[in-house]
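J.: no sequence for this one, just the structure:
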């Protein structure tokens, strides 16, 4: 009777101090997956005739979601995220917390949005 030997697992080499890599954050990865889905849906669907989609702004939006600090809600990245969501009629609650089967919600909210950057003017009282 012969014995089958499995290959020995190689020992991990210690990394030099300057090459340390941060562990990926699964919560952030799930949170970023939702807006990536939104961007892909809005990029590939006809929402209505006068609705437009800015791919460069969508890339900035996704970049901000990947890099913003959750604890700093006064950051310009967080403001960019909220502006994009508002301008495209999307739910910040769904993006930041998640919800099941949102395809119809995404397209319906986009239908009622302007689909482009809004210029907000504050009026004096």
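T.: Okay, I see it. What you are looking at is a predicted structure, and each value in this text was computed from that prediction instead of being measured.

J.: So which bits of stretch 60-73 are buried?
T.: Residues of stretch 60-73 classed as buried under the neighbour-count rule (16 or more other Cβ atoms under 10 Å) are 61, 62, 64, 65, 68. Bear in mind the C-beta positions are built from the backbone N, C-alpha and C, glycine included.

J.: repeat for stretch 76-93
T.: Within stretch 76-93, the residues scored as buried using 16+ other Cβ under 10 Å are 77, 78, 80, 81, 83, 84, 85, 87, 88, 89, 90, 91.

J.: SS state for the fifth one?
T.: Yep, that's residue 83 we're talking about. Of the three states, residue 83 takes helix according to DSSP: H, G, I helix; E, B strand; the rest coil.

J.: Which helix runs longest in the protein?
T.: Counting residues, the longest helix found in the chain (DSSP state H) is helix 26-44.

J.: Any regions of this protein where pLDDT drops low?
T.: 1-24, 99-102, 104-105, 116-125 (pLDDT under 70).
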